[in-house]
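Visitor: Quick check, what structure comes out for this input:
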Amino acid sequence: MKVILQQNVLKLGKAGDIVEASDGYFRNFLQPRKLAVVATNGTLKKREEDIAVLRKRADAAHAEYVTLAEEINAIGTIRIFAKTGDGGKLYGKVTTKEVCTLLIKTLGKDIDKRLIKADDMSAIGTYKAVVKLAPDVQASVNIEVHPEGTEAQFDQKASQAKAAESKAASAKASEEAVEEAAEELAESEA
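Guide: Numbers count the residues shown, from 1 in each chain. Coordinates of the predicted model:
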């Protein structure tokens with residue numbers, strides 16, 4: 001008799017598979033434990049509908065993973081400041097939990113720390129972490145480990161970069177204003 005497995009059954013098949021089972025095996029083992037149902041036209045049609053719904057969910061989840069991977073790749077580099085001893089050795093190690101916390105803080109989206117794989121981060125330097133979101137979707141981010149107390153140095157560089165950007169933007173705006181004024185003057189003279 002043909003049956004549709006509702007759950008994985010050892011040595012018989014996986015959930016959703018249509019398999020051949022003897023009448024007694026089905027009646028005495030599979031059916032009482034709700035491991036399988038008889039493959040009728042109605043149950044086969046329901047199985048196809050269930051498979052279609054699962055495919056839609058899987059496609060939507062895959063699209064979310066791809067978007068999240070693009071966002072993680074766009075981050076580029078994350079800085080972590082840790083306590084250090086002599087020679088740049090860290091007290092302890094930088095863990096994937098710390099990397100995960102910074103990613104969550106940066107992106108504002110939940111990421112499971114078990115998805116992050118990174119090299120042993122036990123000294124000052126740059127490391128690469130890979131976030132494997134799905135079997136075929138992964139992202140990477142560089143991790144710069146710096147000594148604790150050097151945060152101000154990076155904050156100062158960031159503020160200098162912002163100041164330079166705003167200065168360039170204001171210079172561009174003033175150039176545009178001069179050009180507009182020249183155009184208006186030329187139009188009024190004409």
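Visitor: Can you give the domain ranges for this protein?
Guide: Domain ranges of the chain: 2-62, 65-149, 150-190, per automatic domain parsing.
Visitor: pLDDT on the longest one, on average?
Guide: Averaging pLDDT along domain 65-149 yields 88.
Visitor: got it, and the first one?
Guide: For domain 2-62, mean pLDDT is 91.
Visitor: coming back round to it: most packed of the domains of the chain?
Guide: Sort the domains of the chain by mean neighbour count, taking mean count of other Cβ atoms under 10 Å, and domain 65-149 sits at the top with a mean of 15. (Glycine included, C-beta is placed from N, CA and C.)
Visitor: Which stretches in this structure count as helices?
Guide: For the chain, the helices defined by DSSP state H occupy 23-25, 41-75, 96-107, 151-189.
Visitor: So which of those helices is nearest Asp136?
Guide: Nearest to Asp136, of all the helices of the chain, is helix 41-75, at 8.2 Å by Cβ to Cβ.
Visitor: which strands and helices sit next to the closest one?
Guide: strand 2-5, helix 96-107, strand 125-134, strand 137-147 (3 or more Cβ pairs under 8 Å, 6 or more residues apart in numbering; DSSP states H and E).
Visitor: Pro147 versus the residue lying closest to Tyr91 once chain neighbours are set aside, what's the distance?
Guide: Closest residue in space to Tyr91, ignoring its immediate chain neighbours: Lys83 at 4.6 Å, by Cβ to Cβ, 6 or more residues apart in numbering. For Lys83, the distance to Pro147 (Cβ to Cβ, to the nearest Å) stands at 8 Å.
Visitor: what does Glu179 give?
Guide: In this view, Glu179 and Pro147 are 48 Å apart by Cβ to Cβ.
Visitor: Asn41 too?
Guide: If you go by Cβ to Cβ, the gap between Asn41 and Pro147 works out to 70 Å.
Visitor: now do Leu90
Guide: Using Cβ to Cβ, Leu90 is found at 9 Å from Pro147.
Visitor: Over to Thr40?
Guide: 69 Å.
Visitor: Thr67 too?
Guide: Remark: distance between Thr67 and Pro147 (Cβ to Cβ) = 35 Å.
Visitor: do Tyr25 as well
Guide: Taking Cβ to Cβ, one finds Tyr25 at 67 Å from Pro147.
Visitor: Likewise for Lys89?
Guide: Distance of Lys89 to Pro147, given as Cβ to Cβ: 11 Å.
Visitor: swap in Glu64?
Guide: 37 Å.
Visitor: go on, Val137?
Guide: Taking Cβ to Cβ, one finds Val137 at 35 Å from Pro147.
Visitor: Surely Glu98 is in contact with Arg79?
Guide: No - here Glu98 lies out of contact with Arg79, judged by Cβ atoms under 8 Å, at a distance of 11.5 Å.
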